[in-house]
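Asker: quick one, structure for this:
(chains A, B, C, D, E, F and G)
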Amino acid sequence: MLEPLRGYVCLKKEVEEKTTKSGIILSDASKEKPGLARVIAVGEGKIVDGKVIDSKIKENDVVVYKKYAGTEFTYDDEDYLIVDSDDILAIVR
Amino acid sequence: MLEPLRGYVCLKKEVEEKTTKSGIILSDASKEKPGLARVIAVGEGKIVDGKVIDSKIKENDVVVYKKYAGTEFTYDDEDYLIVDSDDILAIVR
Amino acid sequence: MLEPLRGYVCLKKEVEEKTTKSGIILSDASKEKPGLARVIAVGEGKIVDGKVIDSKIKENDVVVYKKYAGTEFTYDDEDYLIVDSDDILAIVR
Amino acid sequence: MLEPLRGYVCLKKEVEEKTTKSGIILSDASKEKPGLARVIAVGEGKIVDGKVIDSKIKENDVVVYKKYAGTEFTYDDEDYLIVDSDDILAIVR
Amino acid sequence: MLEPLRGYVCLKKEVEEKTTKSGIILSDASKEKPGLARVIAVGEGKIVDGKVIDSKIKENDVVVYKKYAGTEFTYDDEDYLIVDSDDILAIVR
Amino acid sequence: MLEPLRGYVCLKKEVEEKTTKSGIILSDASKEKPGLARVIAVGEGKIVDGKVIDSKIKENDVVVYKKYAGTEFTYDDEDYLIVDSDDILAIVR
Amino acid sequence: MLEPLRGYVCLKKEVEEKTTKSGIILSDASKEKPGLARVIAVGEGKIVDGKVIDSKIKENDVVVYKKYAGTEFTYDDEDYLIVDSDDILAIVR
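Answerer: The predicted model follows:
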């Protein structure tokens, strides 16, 4: 399990999905949607002027994140991206 | 729906529009007006010294934004730009 | 109308003007006076330590601004420059 | 023994390990897992606004750290990395 | 007249002067004394932590200023330099 | 004698030493141990928010310092390095 | 006379000196001692959090200063260097 530290958020980049006629969902890793990712885990809120600022971001949200932000790494054969919570720009509802 | 996080604003770049004789409005995506965009959604105001500073910017305003600012992305086949609210310079009334 | 946001100022670069014998004023757009501009509109004063700091700059002042500062854009076929109010260095009286 | 100063953490990069049929664990130094490291020692927490902010990181945790962060050095023929505690992004549980 | 804004100082670079036998002072614009300038006008003092910090610099002082600092411009056929008051390093008495 | 100013520490880089059969210690200046140095003198602690923060570093400690940090100079034919006390990462006990 | 402004220090780089048999001291301007300089004049102490922090540096001290720091200039045919007082690293006693 990945537990981001205070002020960081763990993301997984969104890829295009296709549903076949028989209902099977295929996700094509080569077709990333640039700038869109799904939230995997959220660290505690940042401390600003002595107060914890909780983030509105929740697990499973699809979010837009700042281009070139964050650190990519591989864990259990899955690729993740960890970004500063301030580098998440919007939630896609 | 796109919901910008605190301190961010979602924009759509303005393009030249032409109205044909028959009254149909054509917008020419290849003719962007540099630096001008329409406000799609506004995140909550930034917190400065513990106080929320509300922005004067409202949905549908046409604004001038800082060159090279922001993150571009595509959602539902539409191109958007998310900028820091401080990178919006003026409102065109 | 252009309404600069808090802390920004909208400028129009000064160009050389010539008055012809018959009294017509010609302005030669190709002869910018580097670093000099006329103030078109002034946004509200910046907030510093919770206090609004009003700028001394007024509409129609001719000012010296910091080289390479600001964002240029075109509106109604006129070229403008929006700068941070701190990038205005002096007023020419 | 290595004693990191306030706000620093000493890491050892994780490498792939293989267990042979006879139960011997082989670690292959040439196969670093990028971005993953084991915590060797943790300095005191940073002081922010006069208060010590203790880190959640403990010795022996496996962590994700920011790419290109830190200072590498060799001590007693072992390679270590010392990073700012803010450059540790997540704990792998 | 040039009126520098808060925290800025208007300078004129010093050049070598020669007095001819007949007493005429010649200034050779091609022989700037690098780093030396005469103070033409001083803006109000900077505000630091809510207090105005008045500068010791006065009109007509000859000062040493930080290399590559400031904005050069021409006004009434004279060349000037406007620098941040913190970029003035010393007064030559 | 070298007296570092507030917030600075004077170091001497560690080199490999060899003891000959006859007990003489040879130090090989060409074999620096990268990142390791001995503390020669410690300046007063930095002032943060009006309080002196004393460093744990003492004369004669062997320390790890940040790569590329500091200013090298020669005094009495000995080479030294002065670094900001925050660029010392760990003490080797 | 050179009067450095608040927070600045005026230095003169140290050069090798040789005393001839007859007791004359020769200083060889081409042989600067890198990083060493003599203090010519000291500006008032910096203001930090509303308090003046006096520097320990006095006229005539020989000091180590940060490489590449400061502004060089010539006055009365002598070369000087003005540095921020924080760029003075140590006093040589």
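Asker: looking at chain A, which helix or strand is least sure?
Answerer: strand A:25-42 (a mean of 77; mean pLDDT, DSSP states H and E).
Asker: past the helix or strand hosting A:D79, which element shows up next along the chain?
Answerer: Using DSSP states H and E, A:D79 sits in strand A:78-84. Moving toward the C-terminus from strand A:78-84, the next helix or strand (DSSP H and E) is strand A:88-92.
Asker: tell me if that following strand is near chain B.
Answerer: Yes. Using CB under 8 Å from any CB of the partner chain, we find that strand A:88-92 touches chain B at A:88-92. C-beta: built from backbone N, CA, C; applies to glycine.
Asker: what strands line up against that strand, and which way round?
Answerer: strand A:62-65 (antiparallel), strand B:2-4 (antiparallel) (DSSP bridges).
Asker: just name the most buried of those strands.
Answerer: Of the strands paired with strand A:88-92, the one with the most neighbours on average (mean count of other CB atoms under 10 Å in any protein chain shown) is strand A:62-65, at a mean of 22.
Asker: what about that one, average pLDDT?
Answerer: Across strand A:62-65, pLDDT averages out at 96.
Asker: which residues does it contact?
Answerer: A:11, A:14, A:35-39, A:57, A:81, A:83, A:87-92, B:2, B:71, B:73, B:75, B:82 (CB atoms under 8 Å, 6 or more residues apart in numbering or on different chains).
Asker: quick one: the following helix or strand past that strand near chain D?
Answerer: Once the chain leaves strand A:62-65, the next helix or strand it forms, by DSSP H and E, is strand A:71-75. Yes. Counting by CB under 8 Å from any CB, chain D is contacted by strand A:71-75 at A:71-75.
Asker: ChimeraX command for the buried members of the residues you listed?
Answerer: Per 16 or more other CB atoms under 10 Å in any protein chain shown, the buried members of these correspond to this ChimeraX selection:
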select /A:71,73,75
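Asker: tell me what the strand holding A:D79 is packed against?
Answerer: strand A:8-19, strand A:71-75 (3 or more CB pairs under 8 Å, 6 or more residues apart in numbering or on different chains; DSSP states H and E).
Asker: verify the stated contact: A:I91 with A:S55.
Answerer: No. Contact criterion CB atoms under 8 Å: A:I91 and A:S55 do not qualify, at 10.3 Å.
Asker: what sits against the residue of chain A at minimum distance from chain G?
Answerer: Residue of chain A nearest chain G, by CB to the nearest CB: A:D49 (16.3 Å). Contact partners of A:D49, counting by CB under 8 Å, 6+ apart, are B:49-50, D:49.
Asker: ok and the residue in chain A nearest chain D?
Answerer: For chain A, CB to the nearest CB, closest residue to chain D: A:F73, 3.5 Å.
Asker: spell out which parts of chain A neighbour chain F.
Answerer: Checking chain A against chain F by CB under 8 Å from any CB, there are no hits.
Asker: any idea how many residues pack against the residue in chain A that chain B sits nearest to?
Answerer: Nearest residue of chain A to chain B (CB to the nearest CB) works out as A:G35 at 3.5 Å. The local packing of A:G35 (other CB atoms under 10 Å in any protein chain shown) involves 21 other residues.
Asker: which residues of chain A score low on pLDDT?
Answerer: Chain A contains residues with pLDDT under 70 at A:16-20, A:24-32.
Asker: how does it look with 80?
Answerer: Applying pLDDT under 80 to chain A flags residues A:16-34, A:49-50.
Asker: OK, contacts around the residue positioned nearest the centre of chain A?
Answerer: By CA atoms, centre = their mean, chain A has its centre lying nearest to A:L11, at 2.3 Å. Contacts for A:L11 (CB under 8 Å, 6+ apart) come out as A:37-40, A:63, A:65, A:70, A:80-83.
Asker: can you redo the residues you listed as CSV with distance to F:G7?
Answerer: Below are the contacts of A:L11 laid out as CSV (distance: CB to CB, whole Å):
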residue, distance to F:G7
A:A37, 41
A:R38, 45
A:V39, 41
A:I40, 41
A:V63, 41
A:Y65, 37
A:G70, 33
A:Y80, 39
A:L81, 37
A:I82, 33
A:V83, 33
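Asker: just to revisit the earlier point, how far is the helix or strand following the least confident helix or strand of chain A from where the chain is centred?
Answerer: Per DSSP H and E, the first helix or strand lying C-terminal to strand A:25-42 is strand A:46-48. Averaged C-alpha coordinates place strand A:46-48 at 20 Å from its chain's average position (CA atoms, centre = their mean, to the nearest Å).
Asker: check whether strand A:46-48 contacts chain C.
Answerer: No. Judged by CB under 8 Å from any CB, strand A:46-48 makes no contact with chain C; its nearest approach is 15.5 Å.
Asker: adjacent strands (with direction) for that strand?
Answerer: Assessed with DSSP bridges, strand A:46-48 is paired to strand A:51-53 (antiparallel).
Asker: picking that back up, including distance to G:I24, could the helices and strands packed on strand A:78-84 go into a markdown table?
Answerer: As requested, the helices and strands packed on strand A:78-84 are exported to a markdown table (distance: least, CB to CB, whole Å):
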| stretch | distance to G:I24 |
| --- | --- |
| strand A:8-19 | 68 |
| strand A:71-75 | 64 |
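Asker: in chain A, which residue sits nearest chain C?
Answerer: A:D49 (12.5 Å).
Asker: can I get the CA coordinates of stretch A:46-64 in CSV?
Answerer: Output in CSV follows, covering the C-alpha atoms of stretch A:46-64 (Å, rounded to 0.1, in the frame of the first residue of the first chain):
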residue,chain,number,x,y,z
LYS,A,46,-0.4,20.9,4.3
ILE,A,47,0.2,23.0,7.4
VAL,A,48,0.0,26.7,6.5
ASP,A,49,0.5,29.3,9.3
GLY,A,50,0.1,26.5,11.9
LYS,A,51,-3.2,25.2,10.5
VAL,A,52,-3.9,22.0,8.5
ILE,A,53,-5.5,22.9,5.2
ASP,A,54,-7.4,19.8,4.1
SER,A,55,-7.6,19.1,0.5
LYS,A,56,-10.9,18.6,-1.3
ILE,A,57,-9.4,15.7,-3.3
LYS,A,58,-10.7,12.2,-2.5
GLU,A,59,-9.6,8.7,-3.5
ASN,A,60,-10.9,7.8,-7.0
ASP,A,61,-11.4,11.4,-8.1
VAL,A,62,-10.3,12.0,-11.7
VAL,A,63,-8.1,15.1,-11.6
VAL,A,64,-6.2,17.5,-13.9
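Asker: mind listing what's buried along that stretch?
Answerer: A:46, A:55, A:57, A:61-64.
Asker: for the residues you listed, which two are the farthest from each other?
Answerer: Maximum pairwise distance among those (CB to CB): 22.0 Å, between A:K46 and A:V62.
Asker: and the residue of chain A closest to chain G, how far is that from C:R93?
Answerer: Look at A:D49 and C:R93: by CB to CB, to the nearest Å, they are 42 Å apart.
Asker: got it, and A:V9?
Answerer: Distance from A:V9 to C:R93, by CB to CB: 53 Å.
Asker: repeat that for A:L36.
Answerer: Applying CB to CB, the value for A:L36 to C:R93 is 54 Å.
Asker: more neighbours, those two?
Answerer: Between A:L36 and C:R93, counting by other CB under 10 Å, A:L36 is the more crowded of the two (19 against 8).
Asker: ok, now which ones touch the more buried one?
Answerer: Going by CB under 8 Å, 6+ apart, A:L36 touches A:13-14, A:62-64, A:92, B:73, B:75.
Asker: partners of it in the sheet?
Answerer: Assessed by DSSP bridges, A:L36 has beta-bridge partners A:V64.
Asker: re earlier: mind checking how far the residue nearest to the centre of chain A is from A:V52?
Answerer: 21 Å.
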